[in-house]
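Student: This is the structure alone, sequence omitted:
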């Protein structure tokens, strides 16, 4: 936690701001270890200055924040926890900090809503400045603890997939399979990283299909996109298999996607002057699929993964920044044919500075059940 705050404070200087108002629950978790703020509604804020970290929370979570920060702050100066409610309003308490620390410019994050922005404009003698992914930029580089935790999430994801292959049955619905995934992960001590996608046959032609009550039949495609979360870190994996004997059409699509992902995973740095970029990884898989006369992949070939299932770095066209060592991301090419179905193969992977190492290890050979 200490290193993270130090890095964040360095970026305050780079961004020419005196403080950062943090509204992302994920970023608060990253800086403090407290993961109790709801990511879908605003239950708290943090304010990072050059000398202090303030946590603002409503009464429902005050004791939880206090307990967590007492045990996770380590040797670092403990964050100051401030409760706000209808009587102890937020603005006057932040104004005291602005005046005391003589803050002139406060940066705010992109996920601050317009109404919240209008509210914080009531602060006096300070300017608000939009920032872009300050904490997210730091988050993309993982330390040993984070990588080990990601590996644990990936191992549980692999274990869950193996369980599904053993238990899946004709007649089960997409929702039945999704529930079995969630149940197995939770009974194994993990959490769901995101809502599981289960898509049978023509439903698999929609990359982010909304899992339905459709029943599994013989000779169906099964696409399963899911991940376990362990100690706040997410895995993300997709596998596609066939219930019955696969057609030649399906086999060709599957093999094209498999090879496309394989060559993207083999992108590496040969010379010290080389740079591996998200665009290079994306275009490697994308161009191969196009060369086989299939439609272009309708989504990016991957995305960063960590505390959030989608974060930096971007693995997509136009992302020309060199990937830093110890970044983690997915590689997930796919082919989707309307009214037929789709194939996607996805792994969570780690870039060690030279090569890409898959962290999810489930077999990618075509499975026919």
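Tutor: Sure, I can see it. Note that the structure is a prediction, hence the values are computed from the model and not measured.

Student: So which residues of the stretch 101-250 of the chain form strands?
Tutor: 105-108, 127-130, 191-192, 197-200, 220-226, 228-230, 233-234, 237-243 (DSSP state E, counting those that start in this stretch).

Student: can you list these in CSV and add mean neighbour count and distance to residue 260?
Tutor: C-beta coordinates here come from the backbone N, C-alpha and C atoms, glycine included. CSV is the format used below for these (neighbours: other C-beta atoms under 10 Å; distance: least, C-beta to C-beta, whole Å):
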stretch, mean neighbour count, distance to residue 260
strand 105-108, 20, 40
strand 127-130, 13, 37
strand 191-192, 16, 28
strand 197-200, 25, 19
strand 220-226, 24, 16
strand 228-230, 24, 25
strand 233-234, 26, 24
strand 237-243, 24, 13
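
Student: between the ones you listed, which one is nearest to residue 174?
Tutor: With C-beta to C-beta as the criterion, residue 174 lies closest to strand 197-200 of the strands of the stretch 101-250 of the chain, at 4.0 Å.

Student: what does that closest one contact?
Tutor: Contacts with strand 197-200, where a contact means C-beta atoms under 8 Å, 6 or more residues apart in numbering, come from 174-175, 177-178, 181, 206, 208-209, 211, 214-217, 220-226, 238, 342.

Student: next one: stretch 172-182
Tutor: For stretch 172-182, contacts defined as C-beta under 8 Å, 6+ apart pick out 160, 163-164, 167-168, 192, 195-200, 203, 211-216, 222, 224, 226.

Student: same thing but 6 Å
Tutor: By C-beta atoms under 6 Å, 6 or more residues apart in numbering, the residues outside stretch 172-182 that reach it are 160, 192, 196, 198, 211-216, 226.

Student: What residues sit buried inside that stretch?
Tutor: Across stretch 172-182, burial judged by 16 or more other C-beta atoms under 10 Å covers 172-174, 176-178, 180-182.

Student: what about the closest residue to residue 367 other than its chain neighbours, distance to residue 317?
Tutor: Using C-beta to C-beta, 6 or more residues apart in numbering and skipping the chain neighbours, the partner closest in space to residue 367 is residue 241 (3.9 Å). Distance from residue 241 to residue 317, counting by C-beta to C-beta, to the nearest Å: 29 Å.

Student: Likewise for residue 66?
Tutor: Counting by C-beta to C-beta, the gap from residue 66 to residue 317 is 46 Å.

Student: same check, this time on residue 202
Tutor: According to C-beta to C-beta, residue 202 and residue 317 sit 28 Å apart.

Student: neighbour count winner among the two?
Tutor: Comparing residue 202 with residue 317 by neighbour count (other C-beta atoms under 10 Å), the higher total belongs to residue 202, at 17 against 13.

Student: what sits against that one?
Tutor: 339, 341.

Student: what do you get if the cut-off is 10 Å, keeping everything else the same?
Tutor: Each residue near residue 202 by C-beta atoms under 10 Å, 6 or more residues apart in numbering is listed here: 209, 214, 220-221, 337-342.

Student: can you put those residues in a markdown table and add distance to residue 231?
Tutor: Formatted as a markdown table, the contacts of residue 202 follow (distance: C-beta to C-beta, whole Å):
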| residue | distance to residue 231 |
| --- | --- |
| 209 | 29 |
| 214 | 34 |
| 220 | 36 |
| 221 | 34 |
| 337 | 39 |
| 338 | 40 |
| 339 | 42 |
| 340 | 40 |
| 341 | 36 |
| 342 | 32 |
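
Student: Farthest-apart pair in the residues you listed, please.
Tutor: Farthest pair in the contacts of residue 202 (C-beta to C-beta) is 214 and 337. Separation: 17.5 Å.

Student: In which helix or strand does residue 312 reside?
Tutor: According to DSSP states H and E, residue 312 maps onto strand 311-315.

Student: re the thing from before, from the buried residues of stretch 172-182, which is closest to residue 23?
Tutor: residue 182 (28.7 Å).

Student: The closest one and residue 35: what is the separation?
Tutor: Per C-beta to C-beta, residue 182 is found 19 Å from residue 35.

Student: Residue 78 contacts residue 54, correct?
Tutor: No - the criterion here is C-beta atoms under 10 Å, and residue 78 misses it with residue 54 at 11.1 Å.

Student: the more surrounded of the two?
Tutor: Comparing residue 78 with residue 54 by other C-beta under 10 Å, the one with more neighbours is residue 54, at 20 against 15.

Student: Look up which helix or strand the nearest residue in space to that one that is not next to it in sequence falls in, please.
Tutor: Of all residues not flanking residue 54 in the chain, residue 47 sits nearest, at 4.4 Å (C-beta to C-beta, 6+ apart). Take DSSP H and E as the rule and residue 47 turns out to sit in strand 44-49.

Student: Beyond that strand, next helix or strand please.
Tutor: Once strand 44-49 ends, the next helix or strand along the chain (criterion: DSSP H and E) is strand 53-57.

Student: got a list of contacts for whichever helix or strand comes after that following strand?
Tutor: Following strand 53-57 in sequence order, the next helix or strand is helix 62-72 (DSSP H and E). The contact list for helix 62-72, computed with C-beta under 10 Å, 6+ apart, reads 1, 28-29, 32-37, 43-44, 53, 55-58, 61, 78-85.

Student: how far does stretch 218-236 stretch from start to finish?
Tutor: End-to-end span of stretch 218-236 (C-alpha to C-alpha, to the nearest Å): 27 Å.

Student: Centre of the chain to that stretch, how far?
Tutor: 13 Å (C-alpha atoms, centre = their mean, to the nearest Å).
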